[in-house]
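>>> Sequence first, then the predicted structure, then my questions.
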Amino acid sequence: MNTCVVGLQWGDEGKGKVVDILAENADIVVRYAGGANAGHTVIIGDTKFALHLMPSGSVREKTACVIANGVVVDPGTLIDEINGLKEKNISMTGRLFISENAHMVLDYHKLEDQLREASLGKNKIGTTARGIGPCYADKIGRSYALRMADLRDIDTLKDKLETIVAYKDKLFGALYDAEPIDIDAIYTKCCEHSKVLSPFICNTTQFLHEAIDADKNILFEGAQGALLDLDHGTFPFVTSSNASALGLGAGCGVPTKYLQRAVGVVKAYTTRVGAGPFPSEQDNEIGQLIREKGNEFGTTTGRPRRCGWFDAVAVSYTARLGGITEIAMMHLDTLAGMDELNICKAYKVNGKETTFFPGDAADLDAAECIYETLPGWSEDLTKIENYDDLPENTKNYVDALEKIIGVPISIVGVGPKRSQAIFR
Ligand code: GDP
Ligand code: IMO
Ligand code: MG
């Protein structure tokens, strides 16, 4: 059984927790998109892991972990994560497989991300400043890109770096009046990264297809959320990869015909970090309450997350995009104590009602939510272990969402820990 887990909102839905839970039955966990812009939290007992590049299966010592070709890898961050796991007595030796074709994020990508955002002022995207956009841009542009395979041949890498840095210096100097890039510092780091990471770099497409032939269970871990997908999200306020399930095939070389199960992760409400449209946003005391109760601060940047009601128009759309077979809904516990809960079930766009998510940015900006209001509940859910024991109003809320989205909700989250998930 091969499964993918993807976010159906604007990221931070709780993918790390869901992947960790499902990884119990997985031989391999694969990251196939995004980079260190992701922040996936796994909490086991009192131990908390915040993973950026490492698949969330890494916390289980028997699980092989693949960082596939679609990921943009910041080698320094990855090494920090390997060391962080080692400090918690978790070894990656022999079970980490990094694609030779994954592109490498270097310091000048992070610099460009920051310079560009600063120059855009109020029009900035609000990126994580992890160099994601500039690295994917180099990948698409081809001529100035470096991949993980380049770490295996450090002399050739030096020649390539000289060409790239000369180009970037001209560009950053002209556009941003930036200081020249310290090429020696970058090369020295590459030499160090080469020593640590070379043993892990391999052909992950071959590894995955051999695993398929051997009937292994593979779990594909999405990063970001479908509304941040470069082609299908809220462009330009998106990330630079195909963050929906549609990115899986290209991101790791495994076609979806090998997938049996597609789990879409959502929160019981909606959050977003960074700029961009958010029709059901509650920039008021309701949003503030959700932020405080749900501890809605970014795992990667610590920024407060924007909060709002559940947007069923958006999730119905992203569930379709992902071929989603079931939904895991996290943070039900966070909604306890609200008198009423609103679900956005349609948009009004320029006087016309629609239940299909608009493709046009101006239409989305103009969209007003049409809500269905349900009674809330006051009970604390965090210690409940059986679905039947949830308050009636909680179950009614889940049923209402399931009906609108048209996909079964099979797992609900009642707290951040591995143990705080209820299978229906
Ligand atoms: P990801 O990027 O999708 O993996 O999600 P993040 O880890 O960035 O953010 C999700 C946050 O919600 C983390 O702090 C989790 O520990 C927390 N979390 C996950 N599921 C639940 C839940 O059911 N209830 C509560 N209260 N917190 C949860
Ligand atoms: P996980 O995997 C939430 C957002 C950024 C910004 C936009 C572009 O933890 O769900 P980027 O740095 O990718 O160029 O930023 O995308 N973003 C995320 N928001 N969760 C994430 O990842 C995100 N990764 C990127 O905040 O709005
Ligand atoms: Mg996150």
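Nice, thanks for sending it over. Ligands and ions are numbered 1, 2, ... in the order given.
>>> Near ligand 2, which residues of the stretch 101-250 of the chain? Just list them.
125-128, 130, 132-133, 223-225, 228, 239-240 (CB under 6 Å from any ligand atom). Quick note: C-beta positions are derived from backbone N, CA and C, even for glycine.
>>> at 8 Å instead, please
113, 125-130, 132-133, 222-225, 228, 237-241, 243 (CB under 8 Å from any ligand atom).
>>> In helices, which of the residues you listed appear?
Counting by DSSP state H, the part of those found in helices is Asp113, Ile132, Gly133.
>>> So how do I select the buried members of the residues you listed in ChimeraX?
Selection command for ChimeraX covering only the buried members of these, criterion 16 or more other CB atoms under 10 Å:
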select :113,132,133
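>>> would JSON lines of the ones in helices among the residues of the stretch 101-250 of the chain next to ligand 2 with pLDDT be doable?
What follows is these, written out as JSON lines (pLDDT from 0 to 100):
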{"residue": "Asp113", "pLDDT": "98"}
{"residue": "Ile132", "pLDDT": "98"}
{"residue": "Gly133", "pLDDT": "98"}
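>>> Could you give me the buried positions within stretch 138-150?
In stretch 138-150, counting by 16+ other CB under 10 Å, buried: Asp138, Lys139, Tyr144, Ala145, Leu146, Arg147, Met148, Ala149, Asp150.
>>> that older thread, now the buried members of the residues of the stretch 101-250 of the chain next to ligand 2.
Counted by 16+ other CB under 10 Å, these give 113, 125, 127-130, 132-133, 222-225, 228, 237-241, 243 as buried.
>>> How about residues contacting the helix or strand of the chain with the lowest mean pLDDT?
Using mean pLDDT, DSSP states H and E, the weakest-scoring helix or strand in the chain turns out to be helix 361-366, at a mean of 94. In this structure, residues lying in contact with helix 361-366 by CB atoms under 8 Å, 6 or more residues apart in numbering are Thr234, Phe235, Pro277, Pro279, Val349, Asn350, Phe357, Pro358.
>>> Buried ones from those residues, can you make that a ChimeraX selection?
Here is the ChimeraX command that selects the buried residues among the contacts of helix 361-366 (16+ other CB under 10 Å):
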select :234,277,279,349,357,358
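>>> mind listing the strands for the stretch 201-350 of the chain?
201-202, 218-221, 261-267, 270-272, 306-308, 310-311, 326-330, 340-349 (DSSP state E, counting those that start in this stretch).
>>> on that earlier part again, dump the buried residues of stretch 138-150 to JSON lines, plus secondary structure and pLDDT.
Formatted as JSON lines, those follow (DSSP: H, G, I helix; E, B strand; the rest coil; pLDDT from 0 to 100):
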{"residue": "Asp138", "secondary structure": "helix", "pLDDT": "98"}
{"residue": "Lys139", "secondary structure": "helix", "pLDDT": "98"}
{"residue": "Tyr144", "secondary structure": "coil", "pLDDT": "97"}
{"residue": "Ala145", "secondary structure": "coil", "pLDDT": "98"}
{"residue": "Leu146", "secondary structure": "coil", "pLDDT": "98"}
{"residue": "Arg147", "secondary structure": "strand", "pLDDT": "98"}
{"residue": "Met148", "secondary structure": "helix", "pLDDT": "98"}
{"residue": "Ala149", "secondary structure": "helix", "pLDDT": "98"}
{"residue": "Asp150", "secondary structure": "helix", "pLDDT": "98"}
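>>> Kindly list the longest helix within the chain.
Max-length helix for the chain by DSSP H is helix 154-176.
>>> Measure how far that helix is from the centre of its chain, please.
30 Å (CA atoms, centre = their mean, to the nearest Å).
>>> just checking, what packs against that helix?
helix 107-120, helix 183-197 (3 or more CB pairs under 8 Å, 6 or more residues apart in numbering; DSSP states H and E).
>>> shouldn't Ala36 be in contact with Gly76?
No - counting by CB atoms under 8 Å, Ala36 does not reach Gly76; the two are 9.3 Å apart.
>>> For the closest residue to Ile164 other than its chain neighbours, give me its contacts.
In this structure, Ile164 finds its nearest non-sequential neighbour in Tyr144, 4.7 Å apart by CB to CB, 6 or more residues apart in numbering. Taking CB under 8 Å, 6+ apart as the criterion, Tyr144 is in contact with Asp138, Thr163, Ile164, Tyr167, Lys168.
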